[in-house]
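Asker: below are the sequence and a predicted model for it; my questions follow.
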There are 2 protein chains.
Amino acid sequence: MINKKITLKELAGILKVSVSTVSKALNDSYEISEATKKKVKTAAIKYNYSPNLLAQGLKTKKTKILGVVIPDMRAPFSIRVLRGIEKEASAQGYNILTCFSDESLSKEKAILDMLSQGNVDGILMSLSKESQVEQYFDHVNTLISNGIPVTLFDRVDERIQCDKVIINDFDSTYDATKLLLKSGARNILFISPISTTTIGKNRYRGYAFALEERGNLKEKVLHIEEYRDFSDDLTRILKADKIDAIIAANELTGISAINIATRLGFKIPEQISIIGFTNGILSMNSNPPLTTISQHGKDIGKVATQKLINRLENKNLDFTTTVIETTLIKRGTTRN
Amino acid sequence: MINKKITLKELAGILKVSVSTVSKALNDSYEISEATKKKVKTAAIKYNYSPNLLAQGLKTKKTKILGVVIPDMRAPFSIRVLRGIEKEASAQGYNILTCFSDESLSKEKAILDMLSQGNVDGILMSLSKESQVEQYFDHVNTLISNGIPVTLFDRVDERIQCDKVIINDFDSTYDATKLLLKSGARNILFISPISTTTIGKNRYRGYAFALEERGNLKEKVLHIEEYRDFSDDLTRILKADKIDAIIAANELTGISAINIATRLGFKIPEQISIIGFTNGILSMNSNPPLTTISQHGKDIGKVATQKLINRLENKNLDFTTTVIETTLIKRGTTRN
DNA sequence: TTGTACGCGTTATCAA
DNA sequence: TTGATAACGCGTACAA
């Protein structure tokens, strides 16, 4: 019995003016006198009017909704990016429609299909593993050529022409490896659950390049499956190879490495140093706290959103790629 | 240059039939012959037709979008619920529009305002702290009386008449406390960053009741601020009071308690047992792994979504409240 | 300064 | 079995 929804037409009826007068008054059109504007606006508040977004969208072709496609919501990094996106979007008056592709190409296709049916003004997305493995991007390119702006973040591909926001994955592990070398490590193990993604490859390259540059050091790489227990593999390697440092290609792997090594009796960081990725809640609360490469997930989300909205509101911009620099956050799992 | 969007009208033009015929054919109306149905459908695929969701929504008053309002996306529990929601929703052909109230009443109002403008068929939400402190729920009740179905989960209030999904917070801490007592603990500290919420109060009550039942034991409660470092307070208490067990009212607090106690040289669980909340990624990866009360966040999300969709598709149901039972997951921070 | 009339892309009603 | 036509709620060119 409280304030029921009211339409423009009904409001016009009450005020005994035409629909268009009400519409224009509400939109502050110069054609309407201040007097009626005021009258209409107060009535709008009194009768609790608010425009129907669907009708408005249908008319203006703008919904003020941004589609977000994320491959894996279990990843703390994804959540940080999502927070950045949501915050920036809502600050700019946009809402977000969040979808998860579960790293699957077919789900990704279905999502883009749905999102291209008029609901969203633009799309923020990170490619699924499967898309990257299959190197299939037609669905994304179709979307773009259909006129829906897309901003890719984190997992991107050069075969897709659009705005992009990435981190310098190569540099991140290159720097991390150098730090470990400087602190005396000589047997650095690289553990990666994301070897199939472009990002995973770049992180590996940064590691490998630093070793090669130093000369005389052997690469040790452990490819694992995401969200799978790898304690047996790691235990074997730790015992056999006199590993004195570990770089993990994502946060969870870094945390698990700490736990496994600790359980085996290794002192961290005295005997084994560990560096992980993502300055997330896990790293801050591990024991000891994990030294990580911060990807500034929130910034990525923020910048990606800004770029997308910028494109929505200003046509004919050139596509650009923004690189967010990573930062090494030193905590308890590395020496000095 | 690829498959451009096409409308019903254009498709009708191509096929030289009327718009309504195309619409009906696509919707498998009994009025249309199989022959033309087939013809229309293949043409629809060929010309890449898909309905404009806005127009469809405007017409049918259904958008197949569920609004989700969550107070705090940093909470691992929220994320688990969100996953449950997303999964169930997408399984049932719904999409979700995710919003975060940041525990703020004014943001919560703004969000509901926006969501009530036609975009969503129904809303899933958990109340913000501020709403619970202020005991202000008019915005939610207005929404409901405006005809938008709402399902509340986790943080609910009896002054809001709608479907609800909750856990038995009282039982959860009651059981946890009993377990600790049984294992020999006599000085159990309860740490809570959520004392202002109904849930926080119930969790406290479960703890207090178990102590009272046992008789002769003193309550020890530490109220803290969420996401704030409480090591000083805890250190003081741990040193002064010979605490032998801790119950933390949420996951992050439990993890922090482990770290602080460990840093002070206490052996866990030998000297201090710890039980936390939420069977999340943090608890599984702490050192030692945290014994937790699993709230089955994904189930909560799933059930809440099912209830909402059920209401959307079947009118005039009575409101019900579903209680999801918690489970104690014993891991490394408790004895035997 | 205000009002009329049309269209956005659909579905639904009614006639043919 | 098919087709005109109105309507959903809004914005806007154009007329008044």
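Answerer: Sure thing, it's come through. Numbering: from 1, shown residues only, chains lettered A, B, ... in the order given.
Asker: check the gap between residue A:303 and residue A:310 for me.
Answerer: To residue A:310, residue A:303 is 10 Å away according to CB to CB, to the nearest Å. No exception for glycine: its C-beta is placed from N, CA and C like everyone else's.
Asker: which residues in chain A form strands?
Answerer: Ranges of strands in chain A, per DSSP state E, are A:65-70, A:95-100, A:122-125, A:150-153, A:163-167, A:188-192, A:220-223, A:245-248, A:273-277, A:291-294, A:321-324, A:327-329.
Asker: mean pLDDT lowest for which of these?
Answerer: When the strands of chain A are ranked by mean pLDDT, strand A:95-100 comes last with a mean of 90.
Asker: related to what we said a few turns ago, so which of the strands of chain A gets nearest DNA strand C?
Answerer: Closest of the strands of chain A to DNA strand C is strand A:65-70, at 16.6 Å (criterion: CB to the nearest atom of the strand).
Asker: so who does the closest residue to residue A:289 other than its chain neighbours touch?
Answerer: Using CB to CB, 6 or more residues apart in numbering or on different chains and skipping the chain neighbours, the partner closest in space to residue A:289 is residue A:331 (4.0 Å). Going by CB atoms under 8 Å, 6 or more residues apart in numbering or on different chains, residue A:331 touches A:283-284, A:288-292.
Asker: mind giving me TSV with the strands of chain A and columns for distance to residue B:223 and mean neighbour count?
Answerer: Below are those laid out as TSV (distance: least, CB to CB, whole Å; neighbours: other CB atoms under 10 Å in any protein chain shown):
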stretch	distance to residue B:223	mean neighbour count
strand A:65-70	35	25
strand A:95-100	33	23
strand A:122-125	39	26
strand A:150-153	39	25
strand A:163-167	39	24
strand A:188-192	41	24
strand A:220-223	45	17
strand A:245-248	36	29
strand A:273-277	33	28
strand A:291-294	31	26
strand A:321-324	38	16
strand A:327-329	30	16
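Asker: out of those, flag the one nearest chain B.
Answerer: In terms of CB to the nearest CB, the element of the strands of chain A nearest to chain B is strand A:95-100, at 4.4 Å.
Asker: one step back: so what's the residue nearest to residue A:289 scoring on pLDDT?
Answerer: Residue A:331 carries a pLDDT score of 96 in this model.
Asker: distance of it from residue B:310?
Answerer: Here the criterion is CB to CB. By it, residue A:331 lies 48 Å from residue B:310.
Asker: what do you get for residue A:113?
Answerer: 26 Å.
Asker: what does residue A:49 give?
Answerer: Residue A:49 sits 31 Å away from residue B:310, going by CB to CB.
Asker: of those two, who's got more company?
Answerer: residue A:49 (20 against 15; other CB atoms under 10 Å in any protein chain shown).
Asker: backbone phi and psi for that one, please?
Answerer: Main-chain torsions, residue A:49, degrees, to the nearest 10: phi -80, psi 140.
Asker: close to DNA strand D: what parts of chain A are there?
Answerer: Counting by CB under 7 Å from any atom of the strand, chain A comes close to DNA strand D at A:7-9, A:19-20, A:23-24, A:26-27, A:31, A:51-52, A:55-56, A:58-60.
Asker: coming back round to it: out of the strands of chain A, which is closest to residue B:157?
Answerer: In terms of CB to CB, the element of the strands of chain A nearest to residue B:157 is strand A:95-100, at 25.2 Å.
Asker: need the contact partners of that closest one.
Answerer: Under the contact criterion CB under 8 Å, 6+ apart, strand A:95-100 has outside partners A:64-73, A:82, A:85-86, A:89-90, A:107, A:111, A:114-115, A:119-120, B:65, B:83, B:86, B:90, B:95-99, B:114, B:119.
Asker: one more pass at 6 Å, please.
Answerer: Contact with strand A:95-100 is made by A:65-70, A:73, A:86, A:89, A:111, A:120, B:86, B:97-98, as judged by CB atoms under 6 Å, 6 or more residues apart in numbering or on different chains.
Asker: run the angle between it and strand B:95-100 for me.
Answerer: Interaxial angle of strand A:95-100 relative to strand B:95-100 (axes from the mean of the first three to the mean of the last three CA atoms, to 10 degrees): 120 degrees.
Asker: can I get the CA coordinates of strand A:95-100 in PDB?
Answerer: The C-alpha coordinates for strand A:95-100 follow below in PDB (Å, rounded to 0.1, in the frame of the first residue of the first chain):
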ATOM      1  CA  ASN A  95      25.900  -1.300 -12.700                       C
ATOM      2  CA  ILE A  96      27.600  -4.500 -13.400                       C
ATOM      3  CA  LEU A  97      26.200  -7.800 -14.700                       C
ATOM      4  CA  THR A  98      28.700 -10.400 -13.500                       C
ATOM      5  CA  CYS A  99      29.100 -13.700 -15.300                       C
ATOM      6  CA  PHE A 100      31.600 -16.600 -14.800                       C
END
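Asker: tell me, what's the model's pLDDT at the residue nearest the centre of chain A?
Answerer: Among the residues of chain A, the one closest to the centroid is residue A:81, at 3.8 Å (CA atoms, centre = their mean). As predicted, residue A:81 sits at a pLDDT of 96.
Asker: in the stretch 201-336 of chain A, what residue comes closest to DNA strand D?
Answerer: In the stretch 201-336 of chain A, the residue that lies nearest DNA strand D is residue A:313 (14.5 Å; CB to the nearest atom of the strand).
Asker: what is the neighbour count of that residue?
Answerer: 11.
Asker: pick out the most distant pair among the contacts of residue A:331.
Answerer: With CB to CB as the measure, no two of those lie farther apart than A:288 and A:292, at 12.1 Å.
Asker: quick one: buried residues of stretch A:40-59?
Answerer: By 16 or more other CB atoms under 10 Å in any protein chain shown, the buried positions in stretch A:40-59 come out as A:40, A:43-44, A:49, A:51-58.
Asker: before we move on, what about stretch A:182-198?
Answerer: Buried positions in stretch A:182-198, judged by neighbour count with 16+ other CB under 10 Å: A:185, A:187-198.
Asker: what is the end-to-end distance of that stretch?
Answerer: Counting by CA to CA, to the nearest Å, you get 28 Å between the two ends of stretch A:182-198.
Asker: quick one: distance of that stretch to the chain centre.
Answerer: Distance of stretch A:182-198 from the chain centroid (CA atoms, centre = their mean, to the nearest Å) equals 23 Å.
Asker: helices of the stretch 1-150 of chain A, start to end?
Answerer: For the stretch 1-150 of chain A, the helices defined by DSSP state H, counting those that start in this stretch cover A:8-15, A:19-26, A:34-46, A:53-60, A:76-91, A:105-115, A:129-134, A:138-145.
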